[in-house]
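1. sequence first, then the predicted structure, then my questions.
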Amino acid sequence: MGSRQVIEKSLTLLRSLPRVSLNNIRDNPGSKRTQKRGRAQHGGDKHGCGNKGSGQRQNFMRIGYETGTNPFYLRVPQEHYYKGHHYRRQYPPLSLRILQEMIDTDRVDVTAPIDIASIVKTGLYNFFPDQKHFGINLTDEGADTFEAKINIEVQWASELVIAAIEKKGGVISTAYYDPHSLFLLKNPKIFFESGQAIPRRMIPPQDAIEYYTSAENRGYLADPDQISQARIKLAQKYGYQLPIIENDSDYNILSERKDPRQIFYGLEPGWVINLKDECILKPKDEELLRFYSL
Amino acid sequence: MVTLLINAIKRLQVSTLLPIRTYVSVNPQSIPLDNSLVVTKKEWKFPPAYTKPREVWIENLDTLEEKKLGLFELHPSVYATTPRIDIIHRNVVWQRKYRWVSWAHTKTRAEVRGGGKKPWPQKGLGRARHGSIRSPLFRGGGVAHGPRSGKTHFFMLPFHLRIQGLTSTLSTKLAQDDLHIVKDLELPSDEPDFLLDLIESRNWGPSVLIVDDSDLAPRNITAAADAIAHVNIMPVYGLNVYSMLKHDTLILTLSAAAKIEERILQHLHSITTDKEASFKLNQV
């Protein structure tokens, strides 16, 4: 019997029963279990906690402590594979398969450039800038079945991912955002409600500059001519015909990029978004204009 | 032998399909004979996938005798889903609890007056050792682990249980003929007696909850319902499981029914991760 028949049957059954009201409803039997402290033969005596000591008093030793002997974690030599891991930049992964799924289920609009803000808005990807998360690492799972033609901006991408997107006539770029900009991109509404001016995006730190200026990684600070060369080179390496995006009907979408100082598409640093009156306030003061143009 | 059995089973013609029926009782006299019935076919944003829409009569309030003004479609995901009595119950418990602050209060041994002095020496009297006459063992002493006032019982029911509570209750009401759709809330007079007679003649109630889309109901029905304690009017945004169960009959206006449907369908078909997140006190 399918669920539809179950619903029909239960609704038909309800017709012959008294009116459902506050005094004749109850929860499922056995759904609530009250916490009981057993007495005597029903788990009494020590109540399962053994005799004396930390088992009864719950004052357990700290983890790793071996009652005075040189503990294991000090006895073995240390190897610093993960030294400083909590200072390193993290890029929570997003696979091409899930990206394709977002596009197929209309959660991402492919008629506009995709950035981390639109990915977060789908509800299927989340990241935490305060936990050293610096954005999306687009991974190659589902690269063979990726079909969409998109203009996407991520924070980290491998060669295969770049190839998978460019093969379908799409465009990918990797861009750096400082944690403050990422907070804004993650939840723009909270920031706009605070009434502050949109800040400038910071330039990458010293150890990230190499990545974001390299054409192989499609860095946002790389020379556009070198990027064109790298696109052709990658197409030759992976053996596909590179679609010419200049002749594409979606050329305007595919060629849209953010300014290196810009955080949101269509909004410039220094602007104030007034959600209440639904208007944008732009700076006019010379000093402000000079500050935000840098 | 086997073939005989198979043939016998075939002849039984057991059908698992139940006849689909509309769940509103019909008084044949109330249906107009001419073709003045309005049959509304609805275009939903999320049309029902495997079930047919429920059809209900549109009724009137302006005369004592019932008139059927037309047929109206209700979405089965909202008005004909599984009537989960346990979820309805959990909603009722939640609604009772989230606003309940318990003010029961007892004094501990420290708060009861007196008891500072040791009542008798520790040794030498042959009596039990005691340090205070306000110990919980003493008559008039403090209470150990007694209720302390200002205890809140607030908690949040998970989002989809709240949604399912509403759909289950609406489905139950419709299945039991306790949900009626009316065209509007216009009454010919503001007399409470008229409304009482109307409820009597329609076999509603006695207690009736009227739900309208707008904050302001027409004057006549407001004045009439104001004088009757068991007839209440509520806007759509106030609709809740407890009130629906507290009243015997639920009366929805056309626009209210459509609005409830639209809001619930929206929640059933959207990403609700932010609504499912655990409740924070400063989230509103």
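-> Thanks, I have it. Numbers count the residues shown, from 1 in each chain, chains lettered A, B, ... in the order given.
2. contacts, neighbours, all on C-alpha from now
-> Fine.
3. check contacts around residue B:208.
-> By CA atoms under 8 Å, 6 or more residues apart in numbering or on different chains, residue B:208 lies in contact with B:230-232, B:247-251.
4. filter those residues by proximity to chain A?
-> For chain A, the contacts drawn from those by CA under 8 Å from any CA of the partner chain are residue B:248.
5. now the buried members of the contacts of residue B:208.
-> B:231-232, B:247-251 (16 or more other CA atoms under 10 Å in any protein chain shown).
6. tally of neighbours for residue A:16?
-> 10 (other CA atoms under 10 Å in any protein chain shown).
7. ok, now the one 4 residues further on?
-> Residue A:20 is flanked by 19 other residues according to other CA under 10 Å.
8. show me the contacts for it.
-> Contacts of residue A:20 (CA under 8 Å, 6+ apart): B:172-173, B:245.
9. looking at chain A, which residue is nearest chain B?
-> residue A:27 (4.3 Å; CA to the nearest CA).
10. which residues does that residue contact?
-> Residue A:27 touches B:85-87, B:89-90, counting by CA under 8 Å, 6+ apart.
11. equivalent analysis for residue B:181, please.
-> Neighbour list for residue B:181: B:56-59, B:251-254, B:257 [criterion: CA under 8 Å, 6+ apart].
12. now do the SS call for it.
-> strand (DSSP: H, G, I helix; E, B strand; the rest coil).
13. how much space between it and residue A:220?
-> From residue B:181 across to residue A:220, the span is 60 Å (CA to CA, to the nearest Å).
14. pull the CA atoms of the lowest-mean-pLDDT helix or strand in chain A into CSV?
-> Lowest mean confidence among the helices and strands of chain A (mean pLDDT, DSSP states H and E): helix A:53-57, at a mean of 86. This file holds the C-alpha atoms of helix A:53-57, laid out as CSV (Å, rounded to 0.1, in the frame of the first residue of the first chain):
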residue,chain,number,x,y,z
GLY,A,53,37.1,6.8,43.0
SER,A,54,36.8,8.8,39.8
GLY,A,55,34.1,6.5,38.4
GLN,A,56,31.7,7.5,41.2
ARG,A,57,32.8,11.1,41.5
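15. outside of that helix, which residues touch it?
-> A:49-50, A:60-61.
16. any chance of those in a markdown table, with neighbour count too?
-> Shown next, in a markdown table, are the contacts of helix A:53-57 (neighbours: other CA atoms under 10 Å in any protein chain shown):
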| residue | neighbour count |
| --- | --- |
| A:49 | 13 |
| A:50 | 11 |
| A:60 | 10 |
| A:61 | 10 |
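17. let's have those in TSV, adding pLDDT, secondary structure and distance to chain B.
-> Below are the contacts of helix A:53-57 laid out as TSV (pLDDT from 0 to 100; DSSP: H, G, I helix; E, B strand; the rest coil; distance: CA to the nearest CA, whole Å):
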residue	pLDDT	secondary structure	distance to chain B
A:49	87	coil	23
A:50	87	coil	26
A:60	89	coil	26
A:61	90	coil	30
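18. get me the contact residues on the stretch 151-284 of chain B for chain A.
-> Within reach of chain A by CA under 8 Å from any CA, the stretch 151-284 of chain B has these residues: B:171-173, B:175-177, B:242, B:245-246, B:248, B:271, B:273.
19. separate out the buried members of those.
-> Taking 16+ other CA under 10 Å as the criterion, what is buried in those is B:171-173, B:175-177, B:242, B:245-246, B:248.
20. ok, so of these, who is nearest residue A:149?
-> Nearest to residue A:149 among those: residue B:171, at 44.8 Å, using CA to CA.
21. in what helix or strand does that closest one lie?
-> helix B:159-175 (DSSP states H and E).
22. residues of that helix that come out buried?
-> B:159, B:162-175.
23. just the closest of those residues to residue A:236, please.
-> Among those, residue B:159 lies closest to residue A:236 (CA to CA), at 52.3 Å.
24. now that closest one. Nearest residue, chain neighbours left out?
-> Of all residues not flanking residue B:159 in the chain, residue B:276 sits nearest, at 5.6 Å (CA to CA, 6 or more residues apart in numbering or on different chains).
25. the one you found contacts residue B:156, doesn't it?
-> No - using CA atoms under 8 Å, residue B:276 is not in contact with residue B:156; the gap is 10.4 Å.
26. chain B: strands as residue ranges?
-> Secondary structure of chain B, counting by DSSP state E: strands at B:38-39, B:54-59, B:68-74, B:101-102, B:151-152, B:179-182, B:208-212, B:231-235, B:249-253.
27. tabulate those strands (TSV), appending mean pLDDT.
-> Output for the strands of chain B, formatted as TSV (pLDDT from 0 to 100):
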stretch	mean pLDDT
strand B:38-39	78
strand B:54-59	93
strand B:68-74	92
strand B:101-102	96
strand B:151-152	95
strand B:179-182	96
strand B:208-212	97
strand B:231-235	96
strand B:249-253	97
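28. ok so, going back, check the contacts of residue A:27 against chain A, which are close?
-> B:85-87, B:89-90.
29. among those, which are in helices?
-> The helices, defined by DSSP state H, take in B:85-87, B:89-90 from those.
30. give me the low-pLDDT residue ranges for chain A?
-> A:1-2 (pLDDT under 70).
31. can you rerun that using 90?
-> A:1-5, A:32-39, A:42-60, A:77-87, A:123, A:246, A:248, A:293-294 (pLDDT under 90).
32. and if you look at chain B?
-> Using pLDDT under 90, chain B drops low at B:1-45, B:49-52, B:205, B:270-275, B:277-284.
33. where does it get nearest to chain A, residue-wise?
-> Going by CA to the nearest CA, chain A is nearest to residue B:86 of chain B, at 4.3 Å.
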